[in-house]
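got a structure for you, letters missing:
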């Protein structure tokens, strides 16, 4: 699993395209720092927030399962 969602960066820079974004950018912290450095400050904040929301959504089954027990 990548450390950051590609869709988070794509949504943050929309309508621009993220053709420059590679899997290496999402594989480790150095690559992620490189990718986030290419964004403007506002875009960076939006990308981080979107990634956080996607992670919350990804874990919803786990959260529901542990809260029911």
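Sure, I can see it. A quick note: this is a predicted structure, and the numbers were derived from the prediction, not measured. Numbering: from 1, shown residues only.

residue 46 touches residue 12, doesn't it?
Yes. Residue 46 is in contact with residue 12 according to C-beta atoms under 8 Å; the separation is 4.2 Å. For every residue, glycine as well, the C-beta is placed using N, CA and C.

who's more crowded, those two?
Comparing residue 46 with residue 12 by neighbour count (other C-beta atoms under 10 Å), the higher total belongs to residue 12, at 22 against 18.

name the nearest residue to the more buried one, ignoring sequence neighbours.
Residue nearest to residue 12 in three dimensions, not counting chain neighbours: residue 47, with 3.7 Å by C-beta to C-beta, 6 or more residues apart in numbering.

neighbours of the one you found, how many?
By other C-beta under 10 Å, the burial measure for residue 47, its neighbour count, is 23.

now it: phi and psi?
With angles defined as degrees, to the nearest 10, residue 47 shows backbone torsions of phi -60, psi -40.

where's residue 44, which helix or strand?
For residue 44, the element it lies in under DSSP states H and E is helix 41-58.

check which residues of that helix are buried.
Buried residues in helix 41-58, counting neighbours by 16 or more other C-beta atoms under 10 Å, are found at 43-44, 46-48, 50-51.

was I right about residue 27 contacting residue 3?
Yes. Contact between residue 27 and residue 3 holds when scored by C-beta under 8 Å: they sit 7.1 Å apart.

so where is this protein shaky, pLDDT-wise?
Counting by pLDDT under 70, the chain has low-confidence residues at 1, 59-69.

could I get the full set of helices for this structure?
Counting by DSSP state H, one finds helices in the chain at the ranges 6-13, 23-27, 29-37, 41-58, 60-68.

how much space between residue 15 and residue 32?
23 Å (C-beta to C-beta, to the nearest Å).

tally up the residues packed near residue 38, please.
When neighbours are counted by other C-beta under 10 Å, residue 38 comes out with 14.

list the contacts for it?
Contact criterion C-beta atoms under 8 Å, 6 or more residues apart in numbering gives residue 20 as the residues in contact with residue 38.

cool, thanks, signing off.
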